[in-house]
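Colleague: A predicted structure for the sequence below; I have some questions about it.
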Protein chains: 2
Amino acid sequence: MKSEKIKKLEQAGWKVGSAAEFLGLTSAEEAFIELKLRLARSLRHYRVARTLTQAETARMLGSSQSRVAKMEAADSTVSVDLLIKALLTLGATPQALARTISHPAAVGEEPVHYDAAKPKRHAMK
Amino acid sequence: MKSEKIKKLEQAGWKVGSAAEFLGLTSAEEAFIELKLRLARSLRHYRVARTLTQAETARMLGSSQSRVAKMEAADSTVSVDLLIKALLTLGATPQALARTISHPAAVGEEPVHYDAAKPKRHAMK
DNA sequence: TGACATTATATCCGGTCCGACATATATTCT
DNA sequence: AGAATATATGTCGGACCGGATATAATGTCA
């Protein structure tokens, strides 16, 4: 589901610094993607901190296990709306959300993967 | 486009404190709606601060004047994704976004209107 | 290793969202 | 007031999102 391109490159020995660096993204696109990734990580953090399974979390959200997996993977079929609603439902405060959104990537953070599927609609053209 | 219910009530002399107060929303739903409203206001602020028209802004975003109007009105057909993408494209930093998201409503702020159209999809059930 | 639990990936369908366009309302000029 | 400009509202076709289901991959423990 992730970018097959990037996966292949990494298996071939490449080091990919960031999604935006590899793909030719504008800074707005880049910022949006990183925002989404942070929300996704935050969701997993919340769930794991409460020792919940994806299936249990899905029940709390009125969704399915597979969708929760995709949320945590920042899949391209998952919107920021969905991530924010999920986090708020799990008890995150707007302040916690804001922190998630504004924090710069942690130093030494592992390289980021992102689905590079060709953008069709709002490509921020 | 806004909630006809609320409009009617106000015209009839009612004071509506907040959308959530009137409708029976969960705190997560309430937080989400207020978040969306803040982003919408922030978008208008950005545009007006640059003395741009909605039509000009629409061109910058690759969208239409009517859609920008709906964005600024936090219309129910506008997603948080779209608002965030628009703000980032107009030059907002993630930090500015975070501030918008975490700020409590200003004191003395006018009562909030929100399209109460029956939630169909993710009602955060 | 095998059984079981958990997580990841793939696909489908129904409903939603977005840009576009038409049109209405509002604001700002002279 | 009337024209010009700006903003708001309504609708539509088509792309997209979300829950559901199926199944594959990964992890855990005895």
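Modeller: The structure has been received and is ready for your questions. Numbering: from 1, shown residues only, chains lettered A, B, ... in the order given.

Colleague: helix/strand/coil for residue A:45?
Modeller: helix (DSSP: H, G, I helix; E, B strand; the rest coil).

Colleague: now do residue A:92
Modeller: coil.

Colleague: What does it show for phi and psi?
Modeller: Backbone torsions of residue A:92, given as degrees, to the nearest 10, read phi -70, psi 140.

Colleague: wait, what's in contact with the residue nearest to it when sequence neighbours are not counted?
Modeller: Leaving aside its sequence neighbours, residue A:92 sits nearest to residue A:46 (CB to CB, 6 or more residues apart in numbering or on different chains; 6.5 Å). In this view, the C-beta of every residue, glycine as well, is placed from N, C-alpha and C. Residue A:46 is in contact with A:87, A:90, A:91, A:92, counting by CB atoms under 8 Å, 6 or more residues apart in numbering or on different chains.

Colleague: doesn't residue A:59 make contact with the second one?
Modeller: Looking back up the chat, that one is residue A:90. No - judged on CB atoms under 8 Å, residue A:90 makes no contact with residue A:59 at a distance of 12.0 Å.

Colleague: Please identify which of the two sits among more neighbours.
Modeller: Neighbour comparison, residue A:90 and residue A:59: the larger count goes to residue A:90, with 18 against 14 (by other CB atoms under 10 Å in any protein chain shown).

Colleague: Nearest residue to that one in space, please, no chain neighbours.
Modeller: Residue A:90 sits nearest to residue A:46 (CB to CB, 6+ apart), 5.0 Å away.

Colleague: What parts of chain A come near DNA strand D?
Modeller: Neighbours of DNA strand D within chain A, by CB under 7 Å from any atom of the strand: A:58, A:61-67, A:76-79, A:81-82, A:119-121.

Colleague: if I look at residue A:49, how far off is DNA strand D?
Modeller: 16 Å (CB to the nearest atom of the strand, to the nearest Å).

Colleague: And that residue, what's its pLDDT?
Modeller: At residue A:49, the model reports a pLDDT of 94.

Colleague: Could you list the low-pLDDT ranges of chain A?
Modeller: Along chain A, segments meeting pLDDT under 70 span A:1-24, A:104-125.

Colleague: Point me to the residue of it nearest DNA strand C.
Modeller: For chain A and DNA strand C, the shortest gap (CB to the nearest atom of the strand) falls at residue A:66, measuring 2.9 Å.

Colleague: Return the alpha-carbon coordinates of the host helix or strand of that residue using PDB.
Modeller: Residue A:66 is part of helix A:65-72 when elements are defined by DSSP states H and E. C-alpha atoms of helix A:65-72 as PDB (Å, rounded to 0.1, in the frame of the first residue of the first chain):
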ATOM      1  CA  GLN A  65      -9.900  -2.900  12.200                       C
ATOM      2  CA  SER A  66      -8.600  -2.500   8.700                       C
ATOM      3  CA  ARG A  67      -9.600   1.100   8.600                       C
ATOM      4  CA  VAL A  68      -7.700   1.700  11.900                       C
ATOM      5  CA  ALA A  69      -4.700   0.100  10.400                       C
ATOM      6  CA  LYS A  70      -4.900   2.400   7.400                       C
ATOM      7  CA  MET A  71      -5.300   5.400   9.700                       C
ATOM      8  CA  GLU A  72      -2.200   4.500  11.500                       C
END
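
Colleague: so where do the strands sit in chain A?
Modeller: Taking DSSP state E as the criterion, chain A contains no strands.

Colleague: show me where it has helices.
Modeller: A:4-11, A:19-22, A:27-49, A:54-61, A:65-72, A:80-89, A:94-102 (DSSP state H).
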